[in-house]
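Novice: Kindly return the folded structure for what I paste below:
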Amino acid sequence: MNLAVFLELVEFKAKTASVLPFFIGICFSLYNFHKLHLGLVLLYFIAMVIFNMAVDILDNYNDYHHATEIHDYREKTNIIGRENLDLKIVFRMMIGMIIVSAMIGIGLSFIVGWPFLLMGLFCYGVGIFYSSGPKPLSSLPLGEVFSGITMGFMITLLCVYLNAYDVFQWSFNNLSEIFMISLPNTLWIANLMLANNICDLEEDETNNRFTLVHYLGKHRALNLFVTLNILAFLAILLSVLLRFAPWSMLGTFLAAPFIFKQVQLFLKRQIKRETFICAVRILAVGATAQVISFALVFLF
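Specialist: Residues are numbered from 1 along each chain as shown. Coordinates of the predicted model:
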């Protein structure tokens, strides 16, 4: 397995979905709690990325096994079949990554407390059962909800708690502020899954995967795609107006024209190899703009 194949197996291009909520958590911790435990955060970052890669391997592994014989998805589309990868090696790699990330997470729990362990277990459960079991979450109309909340909200919450565990209080105010600041990422990540399911609608139905798009229909799903992008910017505006975030975060709106253009491109054509990248770009540019504009407050 060469590097290019490995990076595709772990879907390295999609790692912005976990990395940027992490940086939003750091910004929020510094701004609201004036706390940063750099060593703990670096360990968490390593564990998070390793587990995220393991989950993507698991998704490809399960998709390979669950593919029907009606079409050539297994041989020509799935990275494992297309590159003729050894299933045993792929499986052992995945298990090794899960174990390493779990050991780091458990070690951090001994330092910062059991809430970190419980939140981590929730994330691990969603990650593993997202594509596993008799009814994987990704094959249900709940995939967008679980992916958005787990990668958008929970990653940010874990990061904030890790930095401020010695002063953090489990109050409605704290949780609502973290939820609001993470909402743009939550919605853009959910939209990433929604766009994927829109592009794969026929293929998913052939493989007995009945996602949210199956129940909404493509037209309503596209309307939802647009709505979630609008709500992401409304969440940014509300975060500033309610003083959960600094005024500088309004700089995220500078990315609005680019995001609008990508939305328009996706609305015209929903082809995986051509326009799914639009949803990836929206997440990458929107979330990056939010992080940079938030971080600007520390320069003044």
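Novice: what's the pLDDT at residue 58?
Specialist: The per-residue pLDDT reported for residue 58 equals 89.
Novice: how many other residues sit next to it?
Specialist: Residues lying near residue 58 (other C-beta atoms under 10 Å) number 22. (C-beta placed from N, C-alpha, C; glycine too.)
Novice: Give me the helices and strands touching the host helix or strand of it, please.
Specialist: According to DSSP states H and E, residue 58 maps onto helix 38-66. With contacts taken as 3 or more C-beta pairs under 8 Å, 6 or more residues apart in numbering; DSSP states H and E, helix 38-66 sits against helix 3-9, helix 16-28, helix 79-82, helix 87-112, helix 114-129, helix 155-164.
Novice: Of all these, which one is nearest residue 206?
Specialist: Proximity to residue 206, assessed across these by C-beta to C-beta, is greatest for helix 79-82 (16.0 Å).
Novice: Could you pull up the residues touching the nearest residue to residue 94 once chain neighbours are set aside?
Specialist: Counting by C-beta to C-beta, 6 or more residues apart in numbering, the nearest residue to residue 94 once its immediate chain neighbours are dropped is residue 57, at 4.3 Å. Applying C-beta atoms under 8 Å, 6 or more residues apart in numbering to residue 57 gives the contacts 9, 10, 90, 93, 94, 97.
Novice: could the residues you listed go into JSON lines alongside neighbour count?
Specialist: Listed next are the contacts of residue 57 as JSON lines, based on neighbours: other C-beta atoms under 10 Å:
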{"residue": "9", "neighbour count": "21"}
{"residue": "10", "neighbour count": "23"}
{"residue": "90", "neighbour count": "19"}
{"residue": "93", "neighbour count": "20"}
{"residue": "94", "neighbour count": "20"}
{"residue": "97", "neighbour count": "22"}
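Novice: So which of those is the closest to residue 151?
Specialist: For these, the nearest to residue 151 is residue 10 (15.0 Å; C-beta to C-beta).
Novice: shouldn't the closest one be in contact with residue 55?
Specialist: No: using C-beta atoms under 8 Å, residue 10 makes no contact with residue 55, being 9.1 Å away.
Novice: quick one: the residue lying closest to residue 195 once chain neighbours are set aside and residue 144, what's the gap?
Specialist: Leaving aside its sequence neighbours, residue 195 sits nearest to residue 279 (C-beta to C-beta, 6+ apart; 3.6 Å). Noted for residue 279: a distance of 12 Å to residue 144, by C-beta to C-beta, to the nearest Å.
Novice: That's all I had, so thanks and see you.
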